[in-house]
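Engineer: Using only what follows, build the 3D model:
(chains A, B, C and D)
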There are 2 protein chains.
Amino acid sequence: MEKLQQDFNQFPTFIHDMTDQPNRIPQYQYLYETLRQDIIRGVFKAGDLLPSESVLQQQFRLTQPTIRQALSLLVQEGYIRKHQGKGSIVQAIPVGLGVMSLKTHSVTADEKPAASDELSAELITTTILVKPYLRAFPLELLFYPTDENPTTTYYYMERLRSVNNTPVFYEKLILPNRYLPNLPRQRLSNRSFFDLLRTKYGLVVSGGEQKIQALTADEPIAKQLQVKPGRPVLRLEKRIDTNKSDFSFFSLLFARTDQFLLQGRF
Amino acid sequence: MEKLQQDFNQFPTFIHDMTDQPNRIPQYQYLYETLRQDIIRGVFKAGDLLPSESVLQQQFRLTQPTIRQALSLLVQEGYIRKHQGKGSIVQAIPVGLGVMSLKTHSVTADEKPAASDELSAELITTTILVKPYLRAFPLELLFYPTDENPTTTYYYMERLRSVNNTPVFYEKLILPNRYLPNLPRQRLSNRSFFDLLRTKYGLVVSGGEQKIQALTADEPIAKQLQVKPGRPVLRLEKRIDTNKSDFSFFSLLFARTDQFLLQGRF
DNA sequence: AAAAGTAGCTTATTATAATAAGTTATTGGT
DNA sequence: ACCAATAACTTATTATAATAAGCTACTTTT
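Structural biologist: Sure, this is the predicted structure:
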């Protein structure tokens, strides 16, 4: 039997009936993505109350535990905040999981900024400095692959992310040569690398570990970030775990934080 | 009319029978704490398999969803890692929630360090530089209290954390003057401040937001951290949320990362 | 008018149950 | 001895149901 429901609410006729699909997405993940998109696209704005759990149950034909599983993901990512007896309140600043977002810090304490002083995404540009190629694991990292299944070769690439043409992030990415067919042929700039991994390769970031350090810029880094050598820069090294437990990748990022700073939630 | 319920609760004999207790701890939290302690105390060691969910069900007389709720907390904190069809594997390095831990980084890539190069806790000492006193919210912070219930006065204190007598963290803490009776009279040094909040005041950290920056040490910071003025230091500002939604507090931390670096999971 | 009570919303916790799907070890056949 | 099928584990997903408890707004009482 298929679910035949009339569905006269604002969003169309979805219901996500993937019966028999081999790569079935869990319902709670689908609901999470749906609500997340709605928040990002502004269907629900900061301060709004999300539909109550019982309303969501009816709308999506799911039961409370499933709804709650989706909502708890949203809580974890900071999209909403729940209050017992009150509801789920949409928060501003949807910050990605561990992926720190940019935020200007030209905020003096007496002039509170407007509700959203987030940078609009259009101002951020990504340049590929080094296109992905295969090589050995770079010795520069403090992490080393824990290789439950050892991989000998890794994709290596370098990106530069700029805000208003000011370079801010200089990032080196190292990914195991696995699960990633045709990576060098993918369109990489001006696009979230994490979205690419998710949509093209089914890899979802599940967490990771990071090591942070303040140091002075050496010559090559200073050149990329357009600062004087000797200026303080942030070194952020991450091991990023995914839903596939034998696939973790690494990021080594240098950031100038004189105009922008790193922000994240925990 | 009051609710006349007999309260012949199903959980009769066993553990953790807090029937009628006003501050009943949820079963999943109790289980989480129990397993967490077992891992910390070494009952389960890194690499071990945790008892399976069905075994835990029998041992604790709980059902699978409850067990899974506790386990998912352990996953979130990095204590275990779950593998479908295999079990829950205990991980090393229980890193506290967002509270970054110290780790030496004198690791060259070719000499892999031993399984645990974590610093033993005994080497870390905490000194109170400024004992808690009441004052207005300091302008130094980028965060400002979102005050759903505005608080006018805050506890302010300064701590210095050293490793082997080398100062590493210089921290300023700002806490709303609420829920914290007798704070100035508490023993504060050489003790986890978070443990104090939890045990004495029932405040459990639930997450937060942080802003990170690399900058050069000015005179007072250089003096506290015993580095030359102008050396790069890390500035880490956090808003720390708790289980009481009207109680968030703030931490402004300066760290020298030349010998040690900040590490955390996300 | 102010306070107390209450009804009706909300999320939170927990139990029970069934099925799916990944992993490992055993078994049986060649 | 090797290999494939399979049995017996494991965690993952989802549904249904009952009860607890926080919040809000309305109603009643004082």
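Engineer: C-alpha from now on. contacts and neighbour counts both.
Structural biologist: Noted.
Engineer: who in chain A is up against chain B?
Structural biologist: A:97-98, A:105, A:107-110, A:139-142, A:144, A:207-216, A:231-234, A:256-258, A:261-266 (C-alpha under 8 Å from any C-alpha of the partner chain).
Engineer: Give the buried subset of these as a ChimeraX selection command.
Structural biologist: One line in ChimeraX is enough to select the buried ones among the residues of chain A next to chain B; burial here means 16 or more other C-alpha atoms under 10 Å in any protein chain shown:
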select /A:97,98,141,142,207,208,209,210,211,212,213,214,215,216,231,232,233,234,256,257,258,261,262,263,264,265,266
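Engineer: quick one, phi psi at A:K244?
Structural biologist: Taking degrees, to the nearest 10, you get phi -90, psi 110 for the backbone angles of A:K244.
Engineer: Give me the distance between A:I40 and DNA strand D.
Structural biologist: As for A:I40, its distance to DNA strand D is 22 Å (criterion: C-alpha to the nearest atom of the strand, to the nearest Å).
Engineer: right, I mislabeled it, should have said A:A214
Structural biologist: In terms of C-alpha to the nearest atom of the strand, A:A214 sits 36 Å off from DNA strand D.
Engineer: thought that residue was touching B:P232?
Structural biologist: Yes. In this structure, A:A214 is within contact of B:P232 by C-alpha atoms under 8 Å, at 5.7 Å.
Engineer: any shared contact partners between the two?
Structural biologist: A:232-233, B:214-215, B:256 (C-alpha atoms under 8 Å, 6 or more residues apart in numbering or on different chains).
Engineer: which among the residues you listed gets closest to A:K172?
Structural biologist: A:V233 (15.1 Å; C-alpha to C-alpha).
Engineer: just checking, the closest one touches A:D218?
Structural biologist: No. Using C-alpha under 8 Å, A:V233 is not in contact with A:D218, being 9.5 Å away.
Engineer: Okay, helices next: where are they in the stretch 1-150 of chain A?
Structural biologist: Secondary structure of the stretch 1-150 of chain A, counting by DSSP state H, counting those that start in this stretch: helices at A:27-40, A:53-60, A:64-77.
Engineer: Can you pull out the low-pLDDT segments for chain A?
Structural biologist: A:1-24, A:93-123, A:146-151, A:190-191 (pLDDT under 70).
Engineer: near DNA strand D, which residues of it show up?
Structural biologist: A:25-29, A:61-66, A:83-86 (C-alpha under 7 Å from any atom of the strand).
Engineer: Give the PyMOL command for selecting the buried subset of those.
Structural biologist: Filtering those down to the buried ones (16+ other C-alpha under 10 Å) takes a single PyMOL command:
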select buried, chain A and resi 27+28+29+62+66
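Engineer: Specify which member of the residues of chain A next to DNA strand D is nearest to A:N177.
Structural biologist: Of the residues of chain A next to DNA strand D, the one sitting nearest to A:N177 (C-alpha to C-alpha) turns out to be A:I25, at 25.3 Å.
Engineer: A:E219: how many residues sit nearby?
Structural biologist: The number of residues packed near A:E219 is 12, by other C-alpha atoms under 10 Å in any protein chain shown.
Engineer: Chain neighbours aside, what residue packs nearest to it?
Structural biologist: A:P229 (5.7 Å; C-alpha to C-alpha, 6 or more residues apart in numbering or on different chains).
Engineer: separation between that neighbour and B:R235?
Structural biologist: Using C-alpha to C-alpha, to the nearest Å, one gets 20 Å for the distance from A:P229 to B:R235.
Engineer: quick one, which of the two is more surrounded?
Structural biologist: Ranked by neighbour count (other C-alpha under 10 Å), A:P229 and B:R235 place B:R235 first, with 22 against 16.
Engineer: got the contact list for that one?
Structural biologist: Contacts of B:R235 (C-alpha under 8 Å, 6+ apart): B:212-215, B:252-255.
Engineer: Tabulate the residues you listed (TSV), appending secondary structure.
Structural biologist: Output for the contacts of B:R235, formatted as TSV (DSSP: H, G, I helix; E, B strand; the rest coil):
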residue	secondary structure
B:I212	strand
B:Q213	strand
B:A214	strand
B:L215	strand
B:L252	strand
B:L253	strand
B:F254	strand
B:A255	strand
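Engineer: okay if I get the residues you listed as TSV plus distance to A:A70?
Structural biologist: TSV is the format used below for those (distance: C-alpha to C-alpha, whole Å):
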residue	distance to A:A70
B:I212	30
B:Q213	33
B:A214	36
B:L215	39
B:L252	33
B:L253	34
B:F254	37
B:A255	37
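Engineer: contacts with chain A among the residues you listed, please.
Structural biologist: B:212-215.
Engineer: Just the closest of those to DNA strand C, please.
Structural biologist: Within those, proximity to DNA strand C (C-alpha to the nearest atom of the strand) peaks at B:I212, which comes in at 29.4 Å.
Engineer: That closest one and A:V233: what is the separation?
Structural biologist: For B:I212 relative to A:V233 (C-alpha to C-alpha), the value is 11 Å.
Engineer: in the sheet, who's paired with the closest residue to A:P176 other than its chain neighbours?
Structural biologist: Distances taken as C-alpha to C-alpha, 6+ apart place A:Y154 nearest to A:P176, at 4.5 Å, with adjacent residues excluded. Beta-bridge pairing for A:Y154 (DSSP bridges): A:R135, A:P176.
Engineer: so who does A:Y154 touch?
Structural biologist: A:133-137, A:174-177.
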